[in-house]
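*Asks:* Structure for the following, please:
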Amino acid sequence: MVIRRLLISRGALLALGAGACLPLGFAPFALWWLPPILFAGLFLLLDEAPARERVLRAFSFGFGAFVAGTWWLYISIHDFGGLAAPIAGSIVLLLILIMALYHAAWILLCSLVPCKLRAWQCLAILPAGWTLIEWLRGWLFGGFPWLSIGYGQIDGPLAVWAPVLGVHGISLLVLLVAGALAVLLTGGLRARFAGLIVLGLIAGGTGLLGGQQWTTPDGEPLQVSLVQGGITQDRKWLAEELESTQALYSELTIGLDKADLIIWPEAAIPALAHEVEDYLTAFAELARARHQTIVLGILTYEFDTDAFYNSLLMIGKGAGLYNKRHLVPFGEYFPVPDFVRNMLRLMNLPYQDINAGAPRQSPLRMPGVALAPTICYEDVFGTELRSFLPEAGLLVNVSNDAWFGDSIAPHQHLQMARFRALETGRYMLRSTNTGITAIIDERGRVLERGRQFGVAIVTGSAQPFAGATPWVQFGNVPVLVACLLLLLLPAFVLNLRGD
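*Replies:* Residues are numbered from 1 along each chain as shown. You can find the predicted model right below:
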């Protein structure tokens, strides 16, 4: 009995270690070949383990992955959010535990399928179940799609599937490759043959999709300049910094007289828009005189409803307003009882909610092209971005990744922004407060980028695109249907055989 317990403990520790290595498959490490190997190992750890132990090993894998991949949340909550270390640590730990529970739910879902054959498990049930749970994690209770497996493939051969299947479709392919590796290592002759067929089909499809162009250039390229103020988070919202911040963005923008489109980052000016109306009006007049468009992040206030919004404002040639729809819990709103909110207020901590913008909003329009706007981590929710497409010809994201310091988070965020560009077949123009500001082309390649933690102006050409990729047209529906079929197929086949 003691030996059995030690073996179970060893299996969970191996799963924990494999999970801790998973973030190496994402930016900034970008070892895109690693996740299939790690999942193949996990599949073997799950093979023939007792039901409870399978759940424990899957949970351990998820716990290790999110400890190693999202530890930077502590920086945001403690270093910049001001919460005491025990409270901040508890919030991060709670989130990691919830993410690990999704992994446990993966095994519970797969256990509902009445088939224990290794080949079916590795080549159908486990990959399909994982993908469904990953998709669920991306939207349930507001969603937390960080470390979705497909993102790590942006620089790998499977990236060509992004415009067709989206991030979850590539996650499914990665898990199928992992399952094929597992059965090739330990399966019988028929199982190995099935694994080779799966690998062959994926490789063949990858080869056919290489070089496919799903969208077409629309109009003349724009000259764009992305302005990065480089203001650290601990200084950004100090009242005495407002004047110097305004002067900085004025100085950086005045010289950009050749740009058609200028973009400032999220909440570039640390004030409400009506409080700096004269400043914004002067820039709007300057932009119109130079036939330019300026898009800038700023907070806005609606007097009629007493509502605050995190907004993108377009001035100059073209006008429009976008209010952020997908808010950050405990950053932009506080899902807590009133007595907790009062405690935050008494402790001089943030407690006032930002309001979510309307679910359906129009693209921002400048002469000749419409822009699909997102603010901060909204660009990791691809399905929401689809509401602007195919009408919009360019993607625009403004962010403030200063909240995460010098961690892996800004690099992960840039990787997901690159994936949105590839998924939609459109340039992504990404302006951030402290980095990483970048111009990304329709294939997800970074054409120009600024250095982190300093003042930067990223200038280049951006080509608007028209048309819709298959993923823009159909979203995640084909992948979800495929996953359901893979889960149902074993039971159907066994029923036909009378097993």
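
*Asks:* shouldn't residue 37 be in contact with residue 182?
*Replies:* No: using CB atoms under 8 Å, residue 37 is not in contact with residue 182; the gap is 10.1 Å. The C-beta positions use only the backbone N, C-alpha and C, and glycine is treated the same way.

*Asks:* how near is the nearest residue to residue 368 once chain neighbours are set aside to residue 392?
*Replies:* Distance criterion CB to CB, 6 or more residues apart in numbering; nearest residue to residue 368, sequence neighbours excluded, is residue 219 at 5.5 Å. For residue 219, the distance to residue 392 (CB to CB, to the nearest Å) stands at 13 Å.

*Asks:* so residue 396 is in which element?
*Replies:* strand 394-399 (DSSP states H and E).

*Asks:* pLDDT of the helix or strand following that strand, averaged?
*Replies:* Using DSSP H and E, the helix or strand that follows strand 394-399 in sequence is helix 409-424. Averaging pLDDT along helix 409-424 gives 97.

*Asks:* hmm, back to that, between residue 219 and residue 392, what contacts are shared?
*Replies:* residue 369 (CB atoms under 8 Å, 6 or more residues apart in numbering).

*Asks:* out of these two, which sits in the more crowded spot?
*Replies:* Between residue 219 and residue 392, counted using other CB atoms under 10 Å, the more crowded position is residue 392 (24 against 12).

*Asks:* Could you say which helix or strand holds that one?
*Replies:* Counting by DSSP H and E, residue 392 is part of no helix or strand.

*Asks:* which residues touch it?
*Replies:* With CB under 8 Å, 6+ apart, residue 392 has these contacts: 363, 369-372, 426.

*Asks:* Quick one: residues contacting residue 357.
*Replies:* 309, 311, 322-325.

*Asks:* what's the lengthiest helix in the chain packed up against?
*Replies:* Using DSSP state H to define each element, the chain has its longest helix at helix 85-111. With contacts taken as 3 or more CB pairs under 8 Å, 6 or more residues apart in numbering; DSSP states H and E, helix 85-111 sits against helix 51-70, helix 73-74, helix 126-137.

*Asks:* So which residue is dead centre in this protein?
*Replies:* The residue lying closest to the centre of the chain (CA atoms, centre = their mean) is residue 380, at 2.8 Å.

*Asks:* Contact partners for the nearest residue to that one once chain neighbours are set aside?
*Replies:* Nearest non-adjacent residue to residue 380, counting by CB to CB, 6+ apart: residue 416, 4.7 Å away. Residue 416 makes contact with 151, 379-380 under the criterion CB under 8 Å, 6+ apart.

*Asks:* Format these as CSV; extra columns: pLDDT, secondary structure and distance to residue 198.
*Replies:* Formatted as CSV, the contacts of residue 416 follow (pLDDT from 0 to 100; DSSP: H, G, I helix; E, B strand; the rest coil; distance: CB to CB, whole Å):
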residue, pLDDT, secondary structure, distance to residue 198
151, 98, helix, 22
379, 93, helix, 32
380, 94, helix, 29
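
*Asks:* now those residues in JSON lines, with distance to residue 490?
*Replies:* As requested, those are exported to JSON lines (distance: CB to CB, whole Å):
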{"residue": "151", "distance to residue 490": "29"}
{"residue": "379", "distance to residue 490": "37"}
{"residue": "380", "distance to residue 490": "33"}
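
*Asks:* Strands along the stretch 301-450 of the chain, start to end?
*Replies:* Per DSSP state E, counting those that start in this stretch, the stretch 301-450 of the chain carries strands over the ranges 307-316, 320-323, 364-366, 369-375, 394-399, 428-432, 438-440, 446-449.

*Asks:* what's the closest of these to residue 280?
*Replies:* strand 307-316 (6.4 Å; CB to CB).

*Asks:* got the buried residues for that closest one?
*Replies:* 308-316 (16 or more other CB atoms under 10 Å).

*Asks:* picking that back up, most tightly surrounded among the helices and strands packed on helix 85-111?
*Replies:* A comparison of these by mean neighbour count, using mean count of other CB atoms under 10 Å, puts helix 126-137 on top with a mean of 24.

*Asks:* Now do it: which elements does it pack against?
*Replies:* Helix 126-137 packs on helix 85-111, helix 162-186, helix 477-497, going by 3+ CB pairs under 8 Å, 6+ apart.

*Asks:* Now render these as TSV, adding mean pLDDT.
*Replies:* Formatted as TSV, the helices and strands packed on helix 126-137 follow (pLDDT from 0 to 100):
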stretch	mean pLDDT
helix 85-111	94
helix 162-186	97
helix 477-497	83
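
*Asks:* how about the strands of the stretch 301-450 of the chain in a markdown table, adding mean pLDDT and distance to residue 241?
*Replies:* Formatted as a markdown table, these follow (pLDDT from 0 to 100; distance: least, CB to CB, whole Å):
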| stretch | mean pLDDT | distance to residue 241 |
| --- | --- | --- |
| strand 307-316 | 95 | 19 |
| strand 320-323 | 95 | 25 |
| strand 364-366 | 96 | 27 |
| strand 369-375 | 97 | 21 |
| strand 394-399 | 97 | 19 |
| strand 428-432 | 97 | 18 |
| strand 438-440 | 98 | 25 |
| strand 446-449 | 97 | 26 |
